[in-house]
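Chemist: Got a sequence here, can you build the structure:
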Amino acid sequence: MNVRPLKIFTVASVVPEELSFLERLAYNFWWSWNRKAESLFATIDAMRWERLRRNPVRLLKETPQERYRQLVGDASYRRLLEEVERELDAYLGAPPQVEWKHEGPVAYFCAEYGISECFQNYSGGLGVLAGDHLKTASDIGLPMVGLGLLYQQGYFHQHVTYNGWQQENFLDYDFSLLPIERVLTKDARPLTVTVELPEGDVHAHVWKAMVGRVPLYLLDTNIPENQPNPMYQNITNQLYGGTQETRIMQEMVLGIGGIRALQALGIKPAVVHVNEGHAAFCTLEWTRQYAQRYGISFQAAAEITRAQTCFTTHTPVPAGNEIFSLGLMEKYFARYHPQLGVSWKEFIALGQANHGSNDEGFSMTILGLRMSNHRNGVSKLHAHVARTMWQALWPHVPTDEVPIVGITNGVHIHTWVASDVAALYDRVLGPLWRERPHDPTVWESIVTVPDAELWAVHTRRRQRLLESVREHIAYQRGYYDDEHRQRAIAALHPNCLIIGFARRFATYKRSDLLFRNWERLASLLKNPSRPVVVLLAGKAHPHDHASKEMMQHILAGIRATGLEDHVLFLEDYDLGIARALVKGADVWLNTPRRPYEASGTSGMKAALNGVLHCSILDGWWVEAARGDNGFTIGRGEEYASTDEQDAHESESLYQLLENDIVPMFYERDAAGIPRRWVQRMKMAIATLAAQFTTHRMLNEYRLGFYEPAGALGRVLTRDRARAAQQLWQWKSSLEARWKTLKPCALDVPEQTFTRVGEPIYVRLVLDCGAMRPDELLVQVYFGPVNSRGEFLSAQTANLSCVRIEGSIATFEGTYSTAESGHHGVALRVLPYHPHVPNTVDVGLALWIDSQDISAAPTH
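Modeler: Sure thing, here's the model as predicted:
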């Protein structure tokens, strides 16, 4: 007979008391960027460690008791265990490296976090950047908490069929086997927050992951309390999955629920950083709570929120900027909106370029821009693109003055530097590269490393990459049949040039640029004396059929031209594959359509390890390329025709490979060392390592955004937010008073010739009407002009108020030009308030026409 069990239960291994620190270590992701800590887990069972995607919690629960007994008796293992425990205690207790003057932390909101491959709560670069952001905050001791969602199935696992079509597999995760813990109340119940949705409240439990010293709180709606409504349970089912309704519910839980989670945890942030528009609803809830706490209007409370909020936009691609229809907004905010105390039209206007338009949806990016004082793109070029893209929100100022600055992304150096490369840096650079990686002087001595030593380290990294690729290909089923798999594995010659080409499959990233001329590519890759292998990887979004078709076209072309042994596709691209590639490839290839690559960070990770970047001049590479530290495709041109652009840049790439990259790599001296190549590796490390670390990036956020945001927030919340109420009253009275401004007289130079550096005098007499002179900022706006009289660039110089007679004020001052050529000058008046960091945010400007000083105010 067959006996059925009364109950099925799981039996986990018991970690011996002598090794109990392993359990504590497993629940802090610090282990993921500490090589000794990682080795503690890898030593238990190296193969299982890799097979479990480096999941320490699951490893400890599945390790046989006999293995634990062996480790208890291993004196060297016990010594390493004690050493790592001392290191972790020292790390957690170390004094902060930066000063933080505010009581509360920075609350960092993001829809995804890529911390380790064992925790599949990310899809790509946005999440990995968020993970690196938290790791770096932990390293430098900047008080920070992360807020996000906990996805039951994470992002999909990729399977590619024999004909090259991507299929998506979703797996349910057992959270008890992940390095996260449920947050409990004092009476041991799950900490729960609720958010108002159309069919009742949705409930979310709060989980916590420790990222060094930084807690990351994640909301989970797949809980028993939501069983009456399965749709609510599925809100946090998949990252970027479901319909638009799923997305709006996810973003309400993330934003509104995230702020409520902070409140339930007793955390009062000094600053909120909204990383991309997905989380922008948090600004509404933060404002609602301020209004309730101080008994003030939503508009006055919004001044506090704006003061304390930083918003980062990541993409100029329309699909990356979430827009919800007004019908969807009305459905999902019907219960929540009345709590804000504003009209529906006022509420919807927060997410629209044209206030109150019935033809315009609700943009999450616009909401983030409107509800923050500090805004940035993720590279200098992207900031320029973003200013152009969002000019309509600031129509009263030129594009260059749209208040979106560039803070270029970086990478967490301790996560992405290979262990043997780190050992080399320890010997040559000393401890400062770990302590002050953003200091350029720390990296200068890398050029003194003997070529043979650097090349030997890189050769070891190459061999480990090839071993990893062989193992990965051996397990792939679908695209590779047995014959093609064996050919691919056999072709991985230890001395071939390795090109890493791993990116999210999206049409603007142009993964097909390398594959436009199959015959030419085959000739290049198959040269028996100079073989080249391309390691290709990447996922397309499940709903992005154009990108899935691009992938299929590429993979079909590889097979049709017999290139399976020279272009190897690595299925299910994740952090583990990325780590191996950026540490062991020779070249990192990047082919986006300029200017759609906001930043990119993979090439930064590669450069830290001496891997040479080969890229279009887009994103971060615009700031990094200098000719001797990598390779550049094209010259940064932008074309009217995408076909023309693709043809030119594909040709440029082929020529670069044929004439520069491949010959340079295979040019060896008698010792077998590619001297010119190694020199370029050194320059890549010396010039790029410091500039593109998250230590530099976070320092820019701290000094430029977080510190001033926290300081102004303190001012506006004193005396029950008295200053915030006064600021709102000033703004609300401004438009009517602004219309009373009248220019009376203007003195500008009559001569048409001056010399560089000579002071030029300007005077404006202004009838201030209902405005006070100290509420006005009068500026000279000057710079070079083209043949049509249009400013090519501009600077400003403030004029001083030198005389007041009744409502008549006289402003005067001088300016000078630093360069010769044709220059123009204009004059403008802006409203000024000490609690408005950027005067253009008020939305008013009076431009003085030099021909007609009675110009009307503009707004």
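Chemist: Would you point out the helix or strand in the protein whose mean pLDDT is lowest?
Modeler: In the chain, no helix or strand scores lower on mean pLDDT, DSSP states H and E than helix 482-490, which sits at a mean of 80.
Chemist: Tell me which other helices or strands it touches.
Modeler: Other elements packing on helix 482-490 under the criterion 3 or more CB pairs under 8 Å, 6 or more residues apart in numbering; DSSP states H and E are helix 451-475. For glycine as for every other residue, the C-beta is placed from the backbone atoms N, C-alpha and C.
Chemist: Give me the angle between the helix it packs on and helix 482-490.
Modeler: With axes from the mean of the first three to the mean of the last three CA atoms, to 10 degrees as the criterion, the two stretches helix 451-475 and helix 482-490 enclose an angle of 170 degrees.
Chemist: mind listing what's buried in helix 451-475?
Modeler: Of the residues in helix 451-475, those buried by neighbour count under the rule 16 or more other CB atoms under 10 Å are 451, 454-455, 457-458, 461-462, 464-466, 468-469, 472-473.
Chemist: what residues does it touch?
Modeler: 418, 420-421, 424, 480, 485, 488-489, 492, 494, 498, 535, 568, 570-571, 577, 580-581, 583-586, 609-610, 671, 673-675, 678-679, 681-682 (CB atoms under 8 Å, 6 or more residues apart in numbering).
Chemist: so of these, which ones are in strands?
Modeler: Taking DSSP state E, the ones among the contacts of helix 451-475 that sit in strands are 498, 535, 568, 570.
Chemist: Do I have it right that Lys135 meets Trp33?
Modeler: Yes - under the contact definition of CB atoms under 8 Å, Lys135 touches Trp33, with a separation of 6.1 Å.
Chemist: Neighbour count: these two, which is higher?
Modeler: For the pair Lys135 and Trp33, the greater number of neighbours falls to Lys135 (25 against 22), based on other CB atoms under 10 Å.
Chemist: quick one: low-confidence ranges for the chain?
Modeler: Per-residue confidence of the chain (counting by pLDDT under 70) places the weak regions at 1, 8-11, 318-319, 751-753, 757, 850-859.
Chemist: tell me which residues in stretch 624-640 are buried?
Modeler: Buried residues in stretch 624-640, defined by neighbour count with 16+ other CB under 10 Å: 624-625, 629-634.
Chemist: Can I get it in CSV, CA atoms only?
Modeler: The C-alpha coordinates for stretch 624-640 follow below in CSV (Å, rounded to 0.1, in the frame of the first residue of the first chain):
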residue,chain,number,x,y,z
ALA,A,624,35.6,59.4,-20.0
ALA,A,625,37.1,58.9,-23.5
ARG,A,626,40.4,60.6,-24.2
GLY,A,627,41.9,58.5,-26.9
ASP,A,628,44.4,56.4,-24.9
ASN,A,629,42.1,54.8,-22.3
GLY,A,630,39.7,52.8,-24.6
PHE,A,631,38.2,52.9,-28.1
THR,A,632,35.6,55.2,-29.5
ILE,A,633,33.1,54.3,-32.3
GLY,A,634,32.5,57.3,-34.5
ARG,A,635,32.9,60.9,-33.4
GLY,A,636,29.7,61.6,-31.5
GLU,A,637,27.7,62.7,-34.5
GLU,A,638,23.9,62.6,-34.4
TYR,A,639,22.1,61.8,-37.6
ALA,A,640,18.7,62.8,-38.9
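Chemist: what does that stretch rub up against?
Modeler: Defining contact as CB under 8 Å, 6+ apart, one finds that stretch 624-640 is touched by 587, 591, 594-595, 603, 607, 612-618, 621-622, 645, 648-649, 652-653, 656, 660-661, 679-680, 683-684, 686-688, 691-692.
Chemist: same check, this time on stretch 539-548
Modeler: Residues from elsewhere that reach stretch 539-548 (CB under 8 Å, 6+ apart): 123-124, 155-156, 158, 165-166, 168, 240-241, 504-507, 550-551, 572-573.
Chemist: Leaving out the residues flanking it, which one is nearest to Thr814?
Modeler: Closest residue to Thr814 in three dimensions, ignoring its sequence neighbours and counting by CB to CB, 6 or more residues apart in numbering: Pro759, at 4.0 Å.
Chemist: Gln779: which element?
Modeler: Element membership for Gln779 (DSSP states H and E) is strand 776-784.
Chemist: Actually, Thr246.
Modeler: Assessed by DSSP H and E, Thr246 sits inside helix 244-252.
Chemist: could you flag which of the contacts of helix 451-475 are buried?
Modeler: Judged by neighbour count, with 16+ other CB under 10 Å as the criterion, the buried members of the contacts of helix 451-475 are 418, 420-421, 424, 480, 485, 488-489, 492, 498, 535, 568, 570-571, 577, 580-581, 583-586, 609-610, 673-674, 678-679, 681-682.
Chemist: Among the residues you listed, which lie within helices?
Modeler: When helices are assigned by DSSP state H, the members of these inside them are 420-421, 424, 485, 488-489, 577, 580-581, 583-584, 678-679, 681-682.
Chemist: give me the element Arg668 is part of.
Modeler: In this assignment (DSSP H and E), Arg668 forms part of neither any helix nor any strand.
Chemist: quick one, what contacts it?
Modeler: Taking CB under 8 Å, 6+ apart as the contact definition, Arg668 lies against Pro674.
Chemist: Can you give me the distance of it to Asp451?
Modeler: Arg668 is 11 Å from Asp451, where distance means CB to CB, to the nearest Å.
Chemist: Ok, Ala537 next?
Modeler: To Asp451, Ala537 is 30 Å away according to CB to CB.
Chemist: can you check Glu637 too?
Modeler: Glu637 is 35 Å from Asp451, where distance means CB to CB.
Chemist: And Arg78, by the same measure?
Modeler: Using CB to CB, Arg78 is found at 41 Å from Asp451.
Chemist: thinking again about what came up before, next, the buried residues of the helix holding Thr246.
Modeler: 246-252.
Chemist: Of these, which is the nearest to Cys801?
Modeler: Distance to Cys801, by CB to CB, is smallest for Glu251 among the buried residues of helix 244-252, at 46.6 Å.
Chemist: Let me know the closest of the ones in helices among the buried ones among the contacts of helix 451-475 to Phe298.
Modeler: Ile577 (47.1 Å).
Chemist: quick one: the top helix by length along the chain to chain centroid distance?
Modeler: Across the chain, the helix with the greatest residue count (assigned by DSSP H) is helix 707-738. Centroid separation for helix 707-738 versus its chain: 30 Å, with CA atoms, centre = their mean, to the nearest Å.
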